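Student: Please find the sequence and the predicted model below.
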Amino acid sequence: MQTKSLSTIARLGSAATLAVILALGGNSNANAQLRVEISGVGANQIPIAVAAFADESIAPQQVSAIIKADLLRSGFFKIIDVGTAMSETTAVNYGDWKSRGADALVVGSVQRLADGRFDVRYRLFDTVKSAQLSALAQAATPQMTRVSAHKIADDIYEKLIGARGAFATRIAYVTKAGREYRLEVADADGEGTQVALRSNEPIISPAWSPDGTKVAYVSFEAKKPVVYVQDLVTRQRTVVANFKGSNSAPSWSPDGKQLAVALSKDGLTQVYVVNPDGSNLRRLTNTNGIDTEPQFSADGQSIYFTSDRSGGPQIYKMAATGGDAQRVTFNGSYNISPRVAPDGKTLAYISRRDGRFQLFAMDLSNSQELRLSDTAKDESPSFSPNGKYIMYATDTGKRGALAVVSVDGRVRHTLSTQAGDIREPTWGPFMK
Amino acid sequence: MRNLMCSTAVLSTVLLLSACSSTKLDESKTPIEDRSANQANASTDPRSVATVTAPGTDPLNDPKGVLARRSVYFDYDSYIVKEDFKPVIDAHSRYLGTNKSRKVIIQGNTDDRGGREYNLALGQKRAEAVRKSMSLLGVPESQMEAVSLGKEKPKATGSDEAAYAENRRADIVY
């Protein structure tokens, strides 16, 4: 089994380290703002000119700035700044843009509607083909202007890269500052942070429901680990599992009707499934070791999990109804935290090599693995819903931070807070 | 003669006084709890003093007693209760035996190396080892619960062996 190292790939990518501090303001809590630092880009970058949108200053967020930051962070675009604002009705001289080095051009405008919403319109042009590639109009409330901008960036990404964009998605993660723990939700770019839960006891293992409206998590507020599901909109909390002993590691089935969990109620930690309201508990594993960290595959047919039945922790796969398990990881003596890509073809996990806990990705068709980080305390990987990126928790040396890396290891950036640690990231699903 | 008359006067006074003394205590109606260990001469010697311990002094709260020790420490990668800690297990098991209304939650911990969920399960093994030892000494299920805090609530911060050793621990919590 071949293991490729990261250093070669990093050298092939862009040498420059770009620090981008997004100070897009608006309604987000300034204290909770996440700082983005880009340190790696893709092998090929499309040069794209993004004009300021006509009248965009009337909206609470600067739409073109959000689009530029999204495209830049994706690692697949080189942004060419345009001096002036250009609306979607401005005439375009393709030759002009081609000679400026742009393969594509983005223009647009923002208008206030009678009902108080903002209508954001945009067009995407291919200067090489001398043709319009796409056009969109989005009407949204002032607070949702950010989402309109992200959706436009998604559209640009989709038209030029060929895969669905994930800029309009959200992430959830846990912060610890002093004695306070918080479960927070933010846009995938770290903006617009909102607090879902505040506690003086630890919170771990948050997991988004497939429809993006609820988060399951483990809270220690009862002085023992208990699994809750919280509806983000209504704030309603349900106890999913508070059996005798420890209750943890929630993972939603793709249809949202079940949660796989790890329970120690029968002595050793084993994998069970239960309904989100806590009813209909069924046991799936039955070994003399530890079975934990269950993860449903995207098609709902399998569950990947961590088990130390062979001595040390390794990753296994079984049918979602339980039964025989097949071992998946064989390199190294410590492999944990399995996460399967949405297309089922790649497995992300954390492996301990020479005492360092590092993010790996495995091609499930041939078991070939690729080490994706150079750090030593990686945890909790999570795929973007388009399967292109993995977000994980890492330690910068100063504090806990979140890192994002593309599945091939080239594109990378980090998200950190000014004070305190950030950990346990989970990338939310596509939403309307 | 005079001395004799004085003594008689004194004596008669004493006798009069004793005759006017208040009702004698009926010992059968006022029981005195005698918790003194040595009662050999208590009942016979009118100068003996037998100790009463007022209710409310729980051996659990004695800072010098063996019950003050609430933690069991584990070696690296080990989930067996060492000999050193058998006295702690014994003491708490006996206490729970005589105090049936008391319950304990046994919280297992790990050092900070490794994943959170896997460490939660390892901490559970430590708590379970302590619970099992107490169960073998007769403590019923209803008086104990073994849970894990994994690496989430370390007692010692730091990345040296001393800090790691301090966190490989199960605590008996009342």
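Tutor: Okay, I see it.
Student: how much space between residue A:37 and residue A:79?
Tutor: Distance, residue A:37 to residue A:79, by Cβ to Cβ, to the nearest Å: 17 Å. Just so you know, the C-beta spots here come from the backbone N, C-alpha and C atoms, and that holds for glycine as well.
Student: and the residue nearest in space to the middle of chain B, how far is that from residue A:235?
Tutor: Closest residue to the average C-alpha location of chain B: residue B:59 at 2.5 Å, with Cα atoms, centre = their mean. Going from residue B:59 to residue A:235 by Cβ to Cβ gives 45 Å.
Student: Please apply the same query to residue A:425.
Tutor: Distance, residue A:425 to residue A:235, by Cβ to Cβ: 22 Å.
Student: quick one, which of these two is more surrounded?
Tutor: For the pair residue A:425 and residue A:235, the greater number of neighbours falls to residue A:425 (25 against 9), based on other Cβ atoms under 10 Å in any protein chain shown.
Student: Tell me which residues touch that one, please.
Tutor: A:171, A:172, A:173, A:380, A:382, A:391, A:392, A:393, A:402 (Cβ atoms under 8 Å, 6 or more residues apart in numbering or on different chains).
Student: Spatially nearest residue to residue A:427, not counting backbone neighbours?
Tutor: Spatial nearest neighbour of residue A:427, chain neighbours left out: residue A:382 (4.5 Å); criterion: Cβ to Cβ, 6 or more residues apart in numbering or on different chains.
Student: what are the bridge partners for the one you found, then?
Tutor: With DSSP bridges as the criterion, residue A:382 is bridged to residue A:391.
Student: could you give the mean pLDDT of the helix or strand harbouring residue B:124?
Tutor: Assessed by DSSP states H and E, residue B:124 sits inside helix B:116-136. For helix B:116-136, the mean pLDDT works out to 98.
Student: next one: stretch A:69-77
Tutor: The average of the pLDDT scores along stretch A:69-77 is 96.
Student: same deal with stretch A:400-411?
Tutor: For stretch A:400-411, the per-residue pLDDT averages 95.
Student: for stretch A:297-313, same thing?
Tutor: Stretch A:297-313 shows a mean pLDDT of 96.
Student: mind listing what the nearest residue to residue B:107 once chain neighbours are set aside touches?
Tutor: Counting by Cβ to Cβ, 6+ apart, residue B:171 is the residue found nearest to residue B:107 once chain neighbours are left out, at 4.9 Å. Taking Cβ under 8 Å, 6+ apart, we find residue B:171 in contact with B:70, B:71, B:72, B:106, B:107, B:109.
Student: nearest to residue A:361, of the residues you listed?
Tutor: Of all these, residue A:361 sits closest to residue B:109, with 31.6 Å by Cβ to Cβ.
Student: What separation do you get for the closest one and residue A:252?
Tutor: 29 Å.
Student: Can I get stretch B:83-95 in PDB, CA atoms only?
Tutor: Extracted in PDB, the C-alpha atoms of stretch B:83-95 (Å, rounded to 0.1, in the frame of the first residue of the first chain):
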ATOM      1  CA  GLU B  83      -2.900  -3.700  44.300                       C
ATOM      2  CA  ASP B  84      -2.100  -0.200  45.700                       C
ATOM      3  CA  PHE B  85      -5.700   0.800  45.200                       C
ATOM      4  CA  LYS B  86      -7.400  -2.300  46.700                       C
ATOM      5  CA  PRO B  87      -7.800  -0.500  50.100                       C
ATOM      6  CA  VAL B  88      -9.600   2.300  48.400                       C
ATOM      7  CA  ILE B  89     -12.000  -0.100  46.600                       C
ATOM      8  CA  ASP B  90     -12.500  -2.100  49.800                       C
ATOM      9  CA  ALA B  91     -13.300   1.000  51.900                       C
ATOM     10  CA  HIS B  92     -15.800   2.500  49.600                       C
ATOM     11  CA  SER B  93     -17.400  -0.900  49.000                       C
ATOM     12  CA  ARG B  94     -17.900  -1.400  52.700                       C
ATOM     13  CA  TYR B  95     -19.200   2.100  53.100                       C
END
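Student: Pull out the buried residues from it.
Tutor: B:85, B:88, B:89, B:91, B:92, B:93, B:94, B:95 (16 or more other Cβ atoms under 10 Å in any protein chain shown).
Student: which of those residues lies closest to residue A:115?
Tutor: Relative to residue A:115, the closest of the buried residues of stretch B:83-95 is residue B:92; by Cβ to Cβ it sits at 67.9 Å.
Student: did I read that right, that closest one in a helix?
Tutor: Yes - Residue B:92 forms part of a helix when assessed by DSSP: H, G, I helix; E, B strand; the rest coil.
Student: In which helix or strand does the closest residue to it other than its chain neighbours reside?
Tutor: Closest residue to residue B:92 apart from its sequence neighbours, by Cβ to Cβ, 6+ apart: residue B:172 at 5.5 Å. Counting by DSSP H and E, the element that carries residue B:172 is strand B:169-173.
Student: any idea how far the residue nearest to residue B:92 lies from chain A?
Tutor: To chain A, residue B:172 is 13 Å away according to Cβ to the nearest Cβ, to the nearest Å.
Student: still on that earlier bit, test for you: state the pLDDT assigned to the residue nearest to the centre of chain B.
Tutor: For residue B:59, the predicted pLDDT is 86.
Student: and it, backbone torsions?
Tutor: phi -60, psi -20 (degrees, to the nearest 10).
Student: about what we covered before: would you tell me which one of the contacts of residue A:425 comes nearest to residue A:44?
Tutor: Lowest distance from residue A:44 to those (Cβ to Cβ) belongs to residue A:391, with 22.7 Å.
Student: residue contacts, that closest one?
Tutor: A:171, A:381, A:382, A:384, A:402, A:403, A:404, A:425, A:427.
Student: Need the per-residue pLDDT for residue B:32.
Tutor: You'll see residue B:32 listed with a pLDDT of 52.
Student: cool, and residue B:1?
Tutor: In this prediction residue B:1 is given a pLDDT of 51.
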